[in-house]
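Student: Provided below for reference: sequence and predicted model.
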Amino acid sequence: MSLIKPFAGLRPAPGRAIEVAAPPYDVMNAEEARAMVAGRPWSFLHVSRPEVDLPPQTDPYAPAVYAKARENLDEMLAVGVLVRDPAPRYYCYRLTMGRHVQTGLVAAASVAAYDAERIKKHEFTRPVKEDDRVRQIDVLNAQTGPVFLVYRATSTIDSVLARVSAAPPEVDIVAAEGVRHELWPIADPAVIDGLTAAFEALDALYVADGHHRSAAASRVAAARRAANPHHTGEESYNYFLSVIFPHDQMQILAYNRLVRDLHGLTADALMERLAVPFAVEGAVGPVHPECPGVFGMYLGGHWYRLALDPARIPYDDPVGRLDVSLLQDNLIEPVLGIVDPRRDERIDFVGGIRGLAPLRARVDSGEMAVAFALHPTRMEDLMAVADSGEVMPPKSTWFEPKLADGLVSHVLD
């Protein structure tokens, strides 16, 4: 069973991609999703977030929600908004956000490789979110949200994608958030075979984003394998929808932190405690940490630069040396008393795409007491954590730009 394989994608009909393309289902809440579909009857959010078509009080995990997703998908097929490609193929996919460009491959990735940890993970998953994706895949009989994978950049693959993307794209749209999405179907058997072989030569792929989707695909495959007395391993359920990019084209933004209170400390007492592990300096404006081990802090209407004592950085520990770990281990837990950032409601997280303004606004409003700006996690550190078999702390990475849902889906024949 190969690491990846081509597949006959379900895609918007020619000229319909701009009507269909939607942000990933999990980057907005229900209210935001309802606003996004206003005036857009063919937005893929009607499939990925079908509660937008049900009463506002509807439980997003109710059976009616999944049934509505299937109804909406069937309607898009019936009227010809979505069509199936006639034969298996790969798809070259390029994202452009401002000056940032990344070019990768849409492919079906092996569940067996995922189960054997050749496709490596770096996050825990939550059962309720896994269950949600399992039900969605089962009811739709399709994987509609791609898993964002990464490979260690190699010229063998990169050069092929560069040649393919030198031609005019079949799909070229700019989504509402200003990101350009381009797609080139790859139908040439020689190019397909070459890409399959080049990926097979890789040691591993890495899940960048989409841990719940990949875990759900594994569970669906296991259930269908057990129910199929004629299982061969080549059935489509043995693979999951993915977009795979080279690691050196990734853009990871910071995932910043806010804490609701100072754990019984005054601002002066907090500053005194911080002077032990950090060199603390006042700043005249927002602090964008320029390197690992440096943090920005907004407290009492002022910004501060915190530089951690290098002796406190465990450089040989791939998890412990992450900035999210350094802040947690040297400040958030011992000083502010937050032991479990996954569950403690005193802490909140703001993705770096929103900048530092929300940190200041939420502290100034009195909602939060203190905010911290972090240096982004590096892609090399993510891969090191995955290679070690460890997991990263919650909210360690924020990838931009986001993939679009609806441009290519994987039907489970």
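Tutor: It's in.
Student: domain parsing for the protein?
Tutor: In the domain annotation for the chain, the residue ranges read 4-251+400-411, 255-375 (automatic domain parsing).
Student: end-to-end on the first one?
Tutor: End-to-end distance of domain 4-251+400-411: 15 Å, with CA to CA, to the nearest Å as the criterion.
Student: Stretch 308-317 now?
Tutor: By CA to CA, one end of stretch 308-317 lies 16 Å from the other end.
Student: Same check on stretch 265-279?
Tutor: 19 Å.
Student: Pull the distance from that stretch to the chain's centre.
Tutor: 35 Å (CA atoms, centre = their mean, to the nearest Å).
Student: Looking at the domains of the chain, spot the one closest to Pro393.
Tutor: domain 255-375 (4.7 Å; CB to CB). Any C-beta I mention is one placed from the backbone N, CA and C, and that applies to glycine too.
Student: right, and the domains of the chain - which one's nearest Leu382?
Tutor: domain 4-251+400-411 (5.8 Å).
Student: just how off-centre is that closest one within its chain?
Tutor: Between the centre of domain 4-251+400-411 and the centre of its chain there are 11 Å (CA atoms, centre = their mean).
Student: How about stretch 320-336?
Tutor: 23 Å.
Student: What mean pLDDT does that stretch get?
Tutor: When pLDDT is averaged along stretch 320-336, the result is 98.
Student: in that stretch, what's buried?
Tutor: Under the neighbour-count criterion of 16 or more other CB atoms under 10 Å, stretch 320-336 has 321-332, 335-336 buried.
Student: cool, and stretch 125-138?
Tutor: Thr125, Lys129, Glu130, Asp132, Arg133, Val134, Arg135, Gln136, Ile137, Asp138.
Student: Now intersect the buried residues of stretch 320-336 with the helices, please.
Tutor: Those of the buried residues of stretch 320-336 mapping onto helices are Asp323, Val324, Ser325, Leu326, Leu327, per DSSP state H.
Student: Mind jotting down where the helices sit in the stretch 1-150 of the chain?
Tutor: 17-20, 30-37, 45-48, 63-78, 111-115, 127-140 (DSSP state H, counting those that start in this stretch).
Student: what's the fourth one packed up against?
Tutor: Other helices and strands packing on helix 63-78, by 3 or more CB pairs under 8 Å, 6 or more residues apart in numbering; DSSP states H and E, are helix 45-48, strand 82-84, helix 127-140.
Student: Rounded mean pLDDT for the longest one, please.
Tutor: Confidence over helix 127-140, taken as the mean pLDDT, stands at 96.
Student: Would you format the helices and strands packed on helix 63-78 as TSV with distance to Ala62 included?
Tutor: Putting these into TSV (distance: least, CB to CB, whole Å) gives the following:
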stretch	distance to Ala62
helix 45-48	16
strand 82-84	25
helix 127-140	10
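Student: picking up where we left off before, nearest to Pro168 among the helices of the stretch 1-150 of the chain would be which one?
Tutor: helix 17-20 (14.4 Å).
Student: what's Glu380 in contact with, if anything?
Tutor: Counting by CB atoms under 8 Å, 6 or more residues apart in numbering, Glu380 makes contact with His247.
Student: Show me what counts as buried in the helix or strand harbouring it.
Tutor: Using DSSP states H and E, Glu380 sits within helix 379-387. By 16+ other CB under 10 Å, the buried positions in helix 379-387 come out as Met379, Asp381, Leu382, Met383, Ala384, Val385, Ala386.
Student: Next: stretch 295-303.
Tutor: Under 16+ other CB under 10 Å, the buried positions of stretch 295-303 are Phe295, Gly296, Met297, Tyr298, Leu299, Trp303.
Student: so what's the second one closest to, chain neighbours aside?
Tutor: Beyond its immediate neighbours in the sequence, the residue positioned closest to Gly296 (CB to CB, 6 or more residues apart in numbering) is Val287, lying 2.9 Å away.
Student: picking up where we left off before, of all the helices and strands packed on helix 63-78, which one comes closest to Arg16?
Tutor: strand 82-84 (8.0 Å).
Student: Now do the closest one: which elements does it pack against?
Tutor: Partner elements for strand 82-84 (3+ CB pairs under 8 Å, 6+ apart): strand 10-12, helix 63-78.
Student: pLDDT of that strand, averaged?
Tutor: Mean predicted lDDT for strand 82-84 stands at 98.
Student: got a list of contacts for that strand?
Tutor: With CB under 8 Å, 6+ apart as the criterion, strand 82-84 contacts 8-13, 16, 20, 73, 76-77, 409, 411.
Student: if you set the cut-off to 10 Å instead, what comes out?
Tutor: 8-14, 16, 20, 42, 44, 47, 73-77, 406, 409, 411 (CB atoms under 10 Å, 6 or more residues apart in numbering).
Student: right, and the helix or strand after the helix holding Glu380?
Tutor: strand 398-399.
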